[in-house]
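[1] Below are the sequence and a predicted model; questions follow.
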Amino acid sequence: MTKPIHQILIRPILTEKSVAQTAQKKYMFVVAKDATKIEIARAVEAQFAKEKVKVASVNTMTVRGKQRRMATRKGRRPTLGTTASWKKAVVTLEASSPNIPMLEGA
């Protein structure tokens with residue numbers, strides 16, 4: 001691994017959809033934009049080594065930033081800006097691997 005774990009795995013995504021997918025052993029993370037699938041799999045296994053997690057597959061997608069209007073002074077048109085784009089990873093664990101209890105969303 002070329003980068004430390006905390007630079008690859010930025011944070012978990014805990015939404016209704018992602019918590020519902022934990023029953024199928026799928027976990028979502030915000031990851032670095034330049035992280036590869038192999039780096040992500042190794043980082044997840046290293047981060048949760050205490051639970052002895054084994055990664056079966058990693059799917060990634062780049063989420064494009066949304067366009068937003070920014071307020072300006074009176075009498076001028078609002079300017080357009082965009083939010084930052086980011087990368088999402090869906091990590092699927094092996095069937096024999098235990099669940100990650102801190103990401104279950106209980």
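    Alright, I've got the coordinates.

[2] all contacts plus neighbour counts: C-alpha atoms, from now on.
    OK.

[3] in the longest helix anywhere in the chain, what's buried?
    Using DSSP state H, we find that the single longest helix of the chain is helix 37-47. Neighbour counts over helix 37-47 (16 or more other Cα atoms under 10 Å) mark 37, 39-41, 43-45 as buried.

[4] Is residue 8 in contact with residue 35, as I believe?
    Yes: if you go by Cα atoms under 8 Å, residue 8 and residue 35 touch, sitting 6.2 Å apart.

[5] Looking at these two, which has the bigger crowd around it?
    More crowded of residue 8 and residue 35, by other Cα atoms under 10 Å: residue 8, with 23 against 17.

[6] and the gap between that one and residue 87?
    11 Å (Cα to Cα, to the nearest Å).

[7] okay, and the common contacts of these two?
    31-32 (Cα atoms under 8 Å, 6 or more residues apart in numbering).

[8] Which strands or helices does the helix or strand containing residue 87 pack on?
    If you go by DSSP states H and E, residue 87 is part of strand 86-93. For strand 86-93, the elements it packs on are strand 26-31, strand 55-63, judged by 3 or more Cα pairs under 8 Å, 6 or more residues apart in numbering; DSSP states H and E.

[9] So which of those is the most surrounded?
    Ranked by mean neighbour count, the helices and strands packed on strand 86-93 are led by strand 26-31 with a mean of 22 (mean count of other Cα atoms under 10 Å).

[10] who does that strand pair up with?
    When sheet partners are counted by DSSP bridges, strand 26-31 sits next to strand 9-12 (antiparallel), strand 86-93 (antiparallel).
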